[in-house]
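> Predicted model, plus sequence, below.
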Amino acid sequence: MLISLRSPLVAGTAAVIGAGSIAFTGAQHPLPALPTSANVALAGFNNPVEQLLGTLEVGQNYLFGTYYDSLGAVNWPFAGIGDLLNDALYNEYSLGYYSFVGLLPQFTNQASPIIRQLTTNLYTYINAALDGTIAAVSELSAGVWNYPSEAINALELALNGQIGEAITVLVDAVVDPIAAAGAAVFDTVAFVVTDFLAKTIAVLEVIPQNLTLFAGAAIGGVTVLAERSVEIATAWLNALGAGDWEGAWNTAVDGLFGPSGLPGTVLNLTIGAGVQTGPIATEADIPENFVPSFRTAIQGTIWNTQEALTAVAPTAAAVASAAAVAEVPAVEPVEVGEVAEVAEVSEPAKVAEVSEPAEKAVAESADTTAPAAAAPEPVEAATGAEAEADPKPARSHRGGKRAAKAAAAG
């Protein structure tokens, strides 16, 4: 009974499966091929997130970078700064005197140079005041100590009838120490006053230079941003007009988010070093082809002021030397014709026939005219180096900074 029931069930199931298989086989179609990277429409479009991350990386280095490379493109990407300007930024006070790319390490390394120099000057004045005080007290002490012996000398002179000399000895014993003490105090006050005035004048003289730095950073920065904005907008409109949707997208993304666009330009003009706008072959080309950042203006102002605070008043010898050189009269040049007339001899053969008196006359004439033919000795003009201190040597600790960079990378 079970066998008879199973057979019809198995047969029906097989029939249904076979019919379904035939139906599905007749309805099969090939699947479409998967698109490759060449066929993806967004493959050539720049990723705005990547551009933004690139901008953040530049900002990170401008804040925390503890390195300074010899290549300007490594230190200041997308700023157009060449190697010559990069070296000038490293060595020149007026260009920021950079030691690190990072703003925070730079300020830490500077350690408030103005305050440090002011403190050094204060210590100098205190030391000079103490020296003058000690010298004055020493002179007075010597006068008091020597007065008894001088009084005895005066008494002996008086007993010998030399009253005038005795009075002179007593007066000198009192007056000379007081005069010497007063001279020590005067010299100290004169040094402090003249040195302070020299430094004050030097600081006042660098104010226009510092204001020029900030004016260049403000006006030049606005100009650079405007030109960059116009450049980006023009490239975007040209791409749209040409139907280049990919180019228009990339121009907008790079310009609005990337380090080569407006964000990177803002970084270079604020916490970076600035933007080089033209070719710089010598340091004379820097003012016309470099827009300093506000950071460069601030650092340049700090170091210019610090350098001015090291100024010293010219010594009396230097002033006297400069005045003497200024008073040297100009020496009139001797004309060639006059020298030729003195040296000219018309007939050499007749010289041998000249009598002895004539020879003596010729010799006297030559002795008289010889000084006119001699060229005057040149007068050496005083140079600024004679009245000023030696120029500051450029720092050269670039190797140490590279080693710090390598250690940080390791």
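It's in. Residues are numbered from 1 along each chain as shown.
> if you go through this structure in chain order, where are the strands?
Defined through DSSP state E, the strands belonging to the chain, from first to last, are 274-276, 290-292.
> Looking at those, which is nearest to residue 213?
For residue 213, the closest of those is strand 290-292, at 5.9 Å, according to Cβ to Cβ. Using the backbone N, CA and C atoms, a C-beta is placed for each residue, glycine as well.
> what would the strands of the chain look like in TSV with mean neighbour count?
Compiled in TSV, these are given as follows (neighbours: other Cβ atoms under 10 Å):
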stretch	mean neighbour count
strand 274-276	25
strand 290-292	26
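> Need those strands in a markdown table (columns: mean pLDDT).
As requested, the strands of the chain are arranged in a markdown table below (pLDDT from 0 to 100):
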| stretch | mean pLDDT |
| --- | --- |
| strand 274-276 | 98 |
| strand 290-292 | 98 |
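> Show me the one of these that comes nearest residue 184.
Closest approach to residue 184 among the strands of the chain (Cβ to Cβ): strand 290-292, 48.2 Å.
> circling back: need the strands of the chain in JSON lines (columns: distance to residue 164).
Conversion of the strands of the chain to JSON lines gives the following (distance: least, Cβ to Cβ, whole Å):
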{"stretch": "strand 274-276", "distance to residue 164": "79"}
{"stretch": "strand 290-292", "distance to residue 164": "75"}
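> Of all those, which one comes closest to residue 195?
The stretch from the strands of the chain with the least distance to residue 195 (Cβ to Cβ) is strand 290-292; that distance is 31.7 Å.
> Tell me the strands beside the closest one, with direction?
strand 274-276 (antiparallel) (DSSP bridges).
> How many residues are close by the nearest residue to residue 81 once chain neighbours are set aside?
Setting aside the residues directly before and after it, residue 81 is nearest to residue 72 in space (Cβ to Cβ, 6 or more residues apart in numbering), at 3.9 Å. By other Cβ atoms under 10 Å, the residues close to residue 72 number 22.
> Please report the distance of residue 72 from residue 82.
For residue 72, the distance to residue 82 (Cβ to Cβ, to the nearest Å) stands at 5 Å.
> residue contacts, the residue nearest to residue 81?
Taking Cβ atoms under 8 Å, 6 or more residues apart in numbering as the criterion, residue 72 is in contact with 79, 81, 82, 83, 85, 86.
> mind running it again at 10 Å?
Residue 72 makes contact with 79-89, 273, 276, 280 under the criterion Cβ atoms under 10 Å, 6 or more residues apart in numbering.
> and residue 265, what does it touch?
With Cβ under 10 Å, 6+ apart, residue 265 has these contacts: 78-79, 221, 224-225, 227-229, 232, 255, 259, 272, 275.
> Quick one: low-confidence residue ranges for the stretch 301-410 of the chain.
Regions of the stretch 301-410 of the chain meeting the criterion pLDDT under 70 cover residues 316-410.
> let's see it at 90
Scanning the stretch 301-410 of the chain for pLDDT under 90 picks out 313-410.
> ok, now the stretch 101-250 of the chain?
Applying pLDDT under 90 to the predicted model, the residue ranges of the stretch 101-250 of the chain that meet it are 109-112, 147, 150, 154, 156-158, 161, 166, 170.
> hmm, back to that, looking at the strands of the chain, which is nearest to residue 215?
When these are ranked by distance to residue 215, counting by Cβ to Cβ, first place goes to strand 290-292 at 9.9 Å.
> Quickly note the distance from residue 186 to residue 174.
With Cβ to Cβ as the criterion, residue 186 and residue 174 are 19 Å apart.
> pretty sure residue 233 is in contact with residue 255, am I right?
Yes - look at residue 233 against residue 255 with Cβ atoms under 10 Å: they come within range, at 8.2 Å.
> Look at those two and report which has more neighbours.
More neighbours sit around residue 255 than around the other of residue 233 and residue 255, counting by other Cβ under 10 Å; the figures are 22 against 13.
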